[in-house]
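Trainee: Build the 3D model from these lines:
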Amino acid sequence: MTSGPTANWNMSSRWNMSLATAGDPWGQALGAPAGNTSSPVASSAANFSNQFVQPSWRIALWSLAYGGVVAVAVFGNLIVIWIILAHKRMRTVTNYFLVNLAFSDASMAAFNTLINFIYALHSEWYFGEAYCRFHNFFPITAVFASIYSMTAIAVDRYMAIIDPLKPRLSATATKVVIASIWILAFLLAFPQCLYSITKVMPGRTLCYVAWPGGPKQHFTKLYHVIVIVLVYCFPLLVMGITYSIVGITLWGGEIPGDTSNKYHEQLKAKRKVVKMMIVVVLTFAICWLPYHIYFIVTGIYQQLNRWKYIQQIYLGSFWLAMSSTMYNPIIYCCLNKRFRAGFKQAFRWCPFIELSSYDELELKAARFHPIQQSSLYAVSRMESSMTVVFDTNDGDNTHTSCKKRAALRDTSFNGCSRRNSKTISTASSLISSLHTSVKDYS
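Mentor: Next comes the predicted model:
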């Protein structure tokens, strides 16, 4: 079996594996010949490893940085999940995808970030073979689920704005899409779990992916290219196209002649949601770009792994990638009034957080809709006016005229009921659609 440590794409610290295996038979990626276990090589490997030992103050700073990311990401995303699931008004198609995004981000921060930081810092795997497999498997799964949740939101926004007459995703269809995302994520990451191993070396234990045939085989390279394309390039391309079209539609001009307050209210709400999601996507793209560039460059120029400052560059790029999990709750709080009200409610125990009555109303399901009521009232008025009957008979035939009026009124009502029922049904559907649209975008 040949070396596999340097072939890990994900957060199992491919850089750390390259450093940790320098000078042993498994470290061929750094030029150590297989089977060379002579003392000069071992001594060289020890000196090579020692140059990456960090002073205590630097370790403390990195620990605070990574610890802060984990704390904000886990608690922030859990609060986002609570805001959506605990308040009926927040349970929209877009927000269900945000729940999936928050869950994957919180899981990534909780189960991978600190573990990988410790491994990169000490070049020692302390967590056993089972967690080694999970550690190599789960990051790709979580990143895939995160970015395709954002992609699903982008496509849903595109359909709602560009072709609003088409039916929206139902709650059941949304759950099917989310389940499909996770199934595809599991399938993509499964090779990382299958070939993960731990190896006990003199003085250390390693966790890495031992690919069949070694890291330079065609299958290994192809797999890593596919992963980068599927978890970064392709979804960002799709979101770039959809949000560009949506942006041109929303900000490119207004509908000629439509100056109603209702239209401007809907347009403003749509712009806010799209603006928030564009910020989320750009944040993800910027945070992960240095990480992907790092591994592409060090994969081509492997001598860079011996550079004195490469460890700091790795820790910095990895921190930036992991920090993408903590920004979304902050973005929601800043750019969406309902999420802001939800965070105020979650932190109302803080002395400097003031929860107003307006904030409480933002998260409550609206039971009274003036627009809907007034529109239905207009339909009722129209129907009532159609049932009015005038009698021209004189007072001598009062009893007869009363019967005629009753008969005519009943006939008029029954005759119009079929036509009017369609009118009421159509109006109710239209009004309900308009109200749902405003609720989704608010």
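
Trainee: And the strands in the stretch 151-300 of the chain, which stretches?
Mentor: Listed in chain order, the strands of the stretch 151-300 of the chain (DSSP state E, counting those that start in this stretch) span residues 196-201, 204-209.

Trainee: Find the least confident helix or strand in the protein, judged by mean pLDDT.
Mentor: Among the helices and strands of the chain, helix 370-386 carries the lowest confidence by mean pLDDT, DSSP states H and E, at a mean of 37.

Trainee: ok so, going back, switch the strands of the stretch 151-300 of the chain over to JSON lines; also include mean pLDDT, distance to Val99 and mean neighbour count.
Mentor: For every residue, glycine as well, the C-beta is placed using N, CA and C. Formatted as JSON lines, these follow (pLDDT from 0 to 100; distance: least, C-beta to C-beta, whole Å; neighbours: other C-beta atoms under 10 Å):
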{"stretch": "strand 196-201", "mean pLDDT": "91", "distance to Val99": "29", "mean neighbour count": "16"}
{"stretch": "strand 204-209", "mean pLDDT": "90", "distance to Val99": "31", "mean neighbour count": "23"}
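
Trainee: out of the ones you listed, nearest to Leu61?
Mentor: Taking C-beta to C-beta as the measure, the strands of the stretch 151-300 of the chain were each checked against Leu61, and strand 204-209 came out nearest at 24.5 Å.

Trainee: name the helices or strands packed onto the closest one?
Mentor: In this structure, strand 204-209 makes packing contacts with helix 14-20, helix 128-162, strand 196-201, judged by 3 or more C-beta pairs under 8 Å, 6 or more residues apart in numbering; DSSP states H and E.

Trainee: Using CSV, write down the CA coordinates of it.
Mentor: Once non-C-alpha atoms are left out, strand 204-209 reads as follows in CSV (Å, rounded to 0.1, in the frame of the first residue of the first chain):
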residue,chain,number,x,y,z
ARG,A,204,2.1,9.3,16.8
THR,A,205,-1.1,8.1,15.4
LEU,A,206,-2.3,9.2,11.9
CYS,A,207,-5.8,9.5,10.4
TYR,A,208,-6.0,9.7,6.6
VAL,A,209,-7.7,8.3,3.5
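
Trainee: Please work out the angle formed by the directions of that strand and strand 196-201.
Mentor: Between the axes of strand 204-209 and strand 196-201, defined by axes from the mean of the first three to the mean of the last three C-alpha atoms, to 10 degrees, the angle is 160 degrees.

Trainee: how far off helix 128-162 does strand 204-209 point, in degrees?
Mentor: 40 degrees.

Trainee: Strand 204-209 pairs with which strands, parallel or anti?
Mentor: When pairs are called by DSSP bridges, strand 204-209 turns out to pair with strand 196-201 (antiparallel).

Trainee: picking that back up, turn the helices and strands packed on strand 204-209 into CSV, columns for distance to Val231.
Mentor: Shown next, in CSV, are the helices and strands packed on strand 204-209 (distance: least, C-beta to C-beta, whole Å):
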stretch, distance to Val231
helix 14-20, 15
helix 128-162, 5
strand 196-201, 18
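
Trainee: residue contacts, Asn328?
Mentor: Asn328 makes contact with Gly76, Asn77, Val80, Leu101, Ala102, Asp105, Val280, Thr283 under the criterion C-beta atoms under 8 Å, 6 or more residues apart in numbering.

Trainee: any chance of the residues you listed in JSON lines, with secondary structure and neighbour count too?
Mentor: Below are those laid out as JSON lines (DSSP: H, G, I helix; E, B strand; the rest coil; neighbours: other C-beta atoms under 10 Å):
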{"residue": "Gly76", "secondary structure": "helix", "neighbour count": "23"}
{"residue": "Asn77", "secondary structure": "helix", "neighbour count": "27"}
{"residue": "Val80", "secondary structure": "helix", "neighbour count": "27"}
{"residue": "Leu101", "secondary structure": "helix", "neighbour count": "26"}
{"residue": "Ala102", "secondary structure": "helix", "neighbour count": "27"}
{"residue": "Asp105", "secondary structure": "helix", "neighbour count": "28"}
{"residue": "Val280", "secondary structure": "helix", "neighbour count": "22"}
{"residue": "Thr283", "secondary structure": "helix", "neighbour count": "16"}
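
Trainee: just the residues you listed now: which is nearest Arg157?
Mentor: With C-beta to C-beta as the yardstick, the closest approach to Arg157 among these comes from Val280, at 11.8 Å.

Trainee: ok, that closest one - contacts?
Mentor: Residues touching Val280, when contacts are defined by C-beta under 8 Å, 6+ apart, comprise Met150, Tyr327, Asn328, Ile331.

Trainee: redo that, cut-off 6 Å
Mentor: Residues in contact with Val280, defined by C-beta atoms under 6 Å, 6 or more residues apart in numbering, are Asn328, Ile331.

Trainee: Pull up the gap between it and Leu78, please.
Mentor: Val280 is 18 Å from Leu78, where distance means C-beta to C-beta, to the nearest Å.

Trainee: I'd like to know which of the helices and strands packed on strand 204-209 is closest to Ile228.
Mentor: Among the helices and strands packed on strand 204-209, the nearest to Ile228 by C-beta to C-beta is helix 128-162 (10.4 Å).

Trainee: quick one on the thing from earlier: burial-wise, tell me which of the helices and strands packed on strand 204-209 comes out on top.
Mentor: Mean neighbour counts were compared across these using mean count of other C-beta atoms under 10 Å; the top stretch is helix 14-20, at a mean of 25.

Trainee: pLDDT of it, averaged?
Mentor: Helix 14-20 comes out with an average pLDDT of 44.

Trainee: same thing with stretch 185-193?
Mentor: Per-region confidence: stretch 185-193 scores 95 on mean pLDDT.

Trainee: where in the stretch 301-442 of the chain is pLDDT low?
Mentor: Under the criterion pLDDT under 70, the flagged ranges of the stretch 301-442 of the chain are 365-442.

Trainee: hey, where'd the helices end up in the stretch 251-400 of the chain?
Mentor: Residue ranges of the helices in the stretch 251-400 of the chain, as given by DSSP state H, counting those that start in this stretch, are 261-300, 310-335, 337-346, 357-362, 370-386, 398-441.

Trainee: any weak-confidence spans in the stretch 151-300 of the chain?
Mentor: Along the stretch 151-300 of the chain, the parts satisfying pLDDT under 70 run over 215-216, 253-260.

Trainee: Excluding chain neighbours, what is closest to Phe284?
Mentor: Ser324 (5.3 Å; C-beta to C-beta, 6 or more residues apart in numbering).

Trainee: Domain map for the chain?
Mentor: When the chain is parsed into structural domains using automatic domain parsing, the resulting residue ranges are 5-357, 371-441.

Trainee: neighbours of Lys364, just the number please.
Mentor: With neighbours defined by other C-beta atoms under 10 Å, the count for Lys364 comes to 11.

Trainee: same deal with Asn112?
Mentor: Applying the criterion other C-beta under 10 Å, we find 23 residues in the vicinity of Asn112.

Trainee: Could you look up the SS state of it?
Mentor: When the structure is split into helix, strand and coil by DSSP: H, G, I helix; E, B strand; the rest coil, Asn112 lands in helix.
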